[in-house]
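> Predicted coordinates and the sequence they were generated for:
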Amino acid sequence: MSAPEVVDLLARARRNLLSSEEQAQLEGALEKVPESRLLLRAGLEFDAEASAAAGDEELIARIARKVERRRLGSGSIGARDEKQELPCPSKPARRFAPLLVAALYLVIGAAAGVAGAATYLGLPAATPKAPAAIHGRREKTPAPKALVEPKALVEPKALVEPKALVEPKARVEPMAPSVGSRSPSLMPAASLSPRVLPAHSAPSVVPARQVGPGPGELYTIANRARVQGDTDAAIRAYLGLQEQFQGSAEAMASRLALGNLYLVSGRPLAALEQFRAHQGGGGAGFGAESAWGIAVALAELGRREEERAALLELLTRYPGSGYETVARRRLEQRN
Amino acid sequence: MRPPSTTQRRLAIVEGGKRAEEPITRFQHDDWANLAQSAGSGDPQAIRTFLVNVGPHILRVVRRLLGSQHPELEDVAQECAFAVIDALPAFRGESSAVHFTCRVALLTAMNTRRRSRATKRAHEADGEAALDNVACLRPGPEQRFSSRAAAEVVRHLLRTLPMEQAEVLALHCVLGYTLGEMAASSGVPRETLKSRLRLAKEAFRRRALADPRALELFALWEEDSA
């Protein structure tokens, strides 16, 4: 057996992908090259070190924030430490800071006085967004922009199609849409995938007071429908929740529930999409469940290689989870 | 001006200018390729999404290389994340995005360790302490000792070998890649990889023989090969 085949066999052995015949071949090869046996042991040690640990999600989120901050900064590529990234005021700046604050208060006070006088005299009050109104010019007030949703993590599939990045709809949500404004059951499958939302921008428009059920209520409605066996209603409610409150914890949790509903309903592709979105969002404490869901959905779709990869991912990312035994058994069956 | 062909592009990344043996083919079935390209173009949402999704892979690489209890794990992982994002514009889809990410993270982590002598000393001390503790681990302390000692030898080699050999040893032993995956992610021909790996294995043997801590390792080695 040539050396490169041993290399490949070693790699496959570490992934638990060897057939019994390959196992025998590898044993024979290792007899001849003892350092390969030691390298295999070292490799297994490396594999053992690579397990996920508690708090990984937070750690990754922290790193992602730092990367964002660096990119948003003034191009300081080398500024990799938080301390370095924060602007440090110079000595003169520190000296004049109280004066600047006092001046700011004076300006605000003066502005408030002008506004009060204007109200008293019956003039239209000036707003920071419409400075021209102070001078008597009427400006057309811009229609409130659509509410920009807070941070949301999206499934990679949402980005697979380049359209999702350029479509305005993919970036904004209509303000407080009514539940019945769009029937979720009529939505195409692609619209179910999470949209690309600004990761760090604050809402540019203060949302109006919400009319209709909030995310918690929608989630409760959907769960009730699911428990009562009304699958269609549950699916509609989960989709509505995901559409209206995309960044909410309820929407994230609903992806797992909806994925399982799709699986039960014999729609593994839609289930896969939901589970992947759930994984993409960090799993919210139930990452092992959605990782298992991915493997099951792929099995139902007949995508064996991807299923195997998903099972390995589950075992690596969530060692000791409740799915470990069954995942290993499935892997053995696949081999 | 015509854009460079894929073969020309590959020649640019093959060290020593050797011609690649096989033409580049775009990696198939890569869910992350488009996301990686969007992130490489600077889209902040794509960058965030990409980082959150490849973050576990980066952490895994760093843990393999440094050990899961290493005090600088987060710092090195952060360095790797920066390096991955900086490298994404060069991603051409010749390997999977995850392989690309893992290789960049691996090289960054290796470079970080090579740069920091203090880290090296601290880590060697950690390694000794860890080896001292192995005897009380059950079951199979001999097996654990053997594995840990071998891993320590590999880690030492990653700091001292020439970069090309260290890279191929790390791709094979630390990340567990097949030859095909190594070739795809590094852009180096298979024959070159095999040659480098052979040299790295010889260095592994020499280092293991020269390491006083590895005496027991060799005793186990003899038992294994007997």
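Yep, that arrived.
> Look at the closest residue in space to A:Glu22 that isn't next to it in sequence and report its pLDDT.
Setting aside the residues directly before and after it, A:Glu22 is nearest to A:Leu9 in space (Cβ to Cβ, 6 or more residues apart in numbering or on different chains), at 5.9 Å. The C-beta positions use only the backbone N, C-alpha and C, and glycine is treated the same way. At A:Leu9, the pLDDT value in this model is 88.
> Determine the next helix or strand in the C-terminal direction from the host helix or strand of A:Leu9.
Assigned by DSSP states H and E, A:Leu9 belongs to helix A:3-14. Counting by DSSP H and E, the next helix or strand C-terminal to helix A:3-14 is helix A:20-32.
> Which of the residues in that next one are classified as buried?
By neighbour count with 16 or more other Cβ atoms under 10 Å in any protein chain shown, helix A:20-32 contains the buried residues A:Glu22, A:Gln25, A:Leu26, A:Ala29, A:Leu30.
> Counting by contacts, list what it packs against.
When contacts are defined as 3 or more Cβ pairs under 8 Å, 6 or more residues apart in numbering or on different chains; DSSP states H and E, helix A:20-32 sits against helix A:3-14, helix A:34-49.
> most packed of those?
Most buried of these, by mean neighbour count (mean count of other Cβ atoms under 10 Å in any protein chain shown): helix A:34-49, with a mean of 22.
> Where do the domain boundaries of chain A fall?
Domain ranges of chain A: A:3-43, A:57-85, A:91-129, A:157-203+A:214-334, per automatic domain parsing.
> State which one residue of chain B is found closest to chain A.
Proximity of chain B to chain A (Cβ to the nearest Cβ) peaks at B:Gly55, 3.3 Å away.
> contacting residues for that residue?
A:Asp56, A:Leu59, A:Ile60, A:Ile63, A:Ala64, B:Ala81 (Cβ atoms under 8 Å, 6 or more residues apart in numbering or on different chains).
> tell me the two of those residues that are most distant?
Using Cβ to Cβ, those reach their maximum pairwise distance at A:Asp56 and B:Ala81, which is 13.3 Å.
> ok, those two, which is more surrounded?
More neighbours surround B:Ala81 than the other of A:Asp56 and B:Ala81, with 29 against 19 (other Cβ atoms under 10 Å in any protein chain shown).
> Which of the helices or strands spans A:Ser321?
With DSSP H and E as criterion, A:Ser321 is part of no helix or strand.
> Next, work out how far apart it and A:Ile294 are.
Here A:Ser321 is placed at a distance of 13 Å from A:Ile294 (Cβ to Cβ, to the nearest Å).
> Stretch A:273-289 and chain B, any residue contact?
Yes. Remark: stretch A:273-289 sits within contact range of chain B at A:Gly280, A:Gly282, by Cβ under 8 Å from any Cβ of the partner chain.
> Show me chain B divided up by domain.
Using automatic domain parsing, chain B is parsed into the domains B:29-115, B:117-226.
> do you know which of these lies nearest A:Leu18?
domain B:117-226 (12.4 Å).
> where along chain B do the helices fall?
B:6-13, B:33-40, B:44-66, B:73-87, B:97-115, B:117-134, B:141-160, B:163-169, B:179-186, B:190-210, B:215-225 (DSSP state H).
> Could you say which of the ones you listed is packed most deeply?
helix B:44-66 (a mean of 25).
> Can I get that helix as CSV, trimmed to CA atoms?
What follows is helix B:44-66, C-alpha atoms only, in CSV (Å, rounded to 0.1, in the frame of the first residue of the first chain):
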residue,chain,number,x,y,z
PRO,B,44,-21.2,43.3,7.2
GLN,B,45,-24.2,41.0,7.5
ALA,B,46,-22.5,38.3,5.5
ILE,B,47,-19.4,38.7,7.6
ARG,B,48,-21.3,38.3,10.8
THR,B,49,-23.2,35.4,9.6
PHE,B,50,-20.1,33.8,8.2
LEU,B,51,-18.2,34.3,11.5
VAL,B,52,-20.9,32.9,13.6
ASN,B,53,-21.1,29.8,11.4
VAL,B,54,-17.4,29.1,11.0
GLY,B,55,-16.6,30.2,14.5
PRO,B,56,-16.9,26.7,15.9
HIS,B,57,-14.5,25.5,13.2
ILE,B,58,-12.0,28.2,14.1
LEU,B,59,-12.2,27.4,17.8
ARG,B,60,-11.8,23.7,17.0
VAL,B,61,-8.6,24.4,15.0
VAL,B,62,-7.2,26.6,17.8
ARG,B,63,-8.1,24.1,20.5
ARG,B,64,-6.4,21.3,18.5
LEU,B,65,-3.3,23.4,18.1
LEU,B,66,-2.9,24.9,21.5
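> lowest-pLDDT helix or strand in chain B?
Counting by mean pLDDT, DSSP states H and E, chain B has its least confident helix or strand at helix B:6-13, which shows a mean of 37.
> where among the domains of chain B is the average confidence lowest?
domain B:117-226 (a mean of 73).
> burial of B:Phe91, as a residue count?
Other residues lying near B:Phe91 total 19 when counted by other Cβ under 10 Å.
> I'd like to know how far A:Ala52 sits from A:Glu306.
20 Å.
> For the stretch 151-300 of chain A, just list every one of the helices.
With DSSP state H, counting those that start in this stretch, the ranges of helices along the stretch 151-300 of chain A come out as A:157-160, A:163-166, A:215-227, A:231-244, A:249-264, A:268-280, A:287-301.
> Helix A:249-264 and the fourth one, what's the angle between them?
Between helix A:231-244 and helix A:249-264, the angle formed by their directions is 140 degrees, by axes from the mean of the first three to the mean of the last three Cα atoms, to 10 degrees.
> What angle do helix A:215-227 and helix A:231-244 make with each other?
160 degrees.
> The last one now?
Using the same axes, to 10 degrees, the direction of helix A:287-301 lies 50 degrees away from that of helix A:215-227.
> buried stuff in helix A:287-301?
Using 16+ other Cβ under 10 Å as the test for burial, helix A:287-301 gives A:287-300.
> The helix or strand immediately after it in the chain: which residues count as buried?
Sequence-wise, the next helix or strand downstream of helix A:287-301 (DSSP H and E) is helix A:304-317. By 16+ other Cβ under 10 Å, the buried positions in helix A:304-317 come out as A:Glu306, A:Glu307, A:Arg308, A:Ala309, A:Ala310, A:Leu311, A:Leu312, A:Glu313, A:Leu314, A:Leu315, A:Thr316, A:Arg317.
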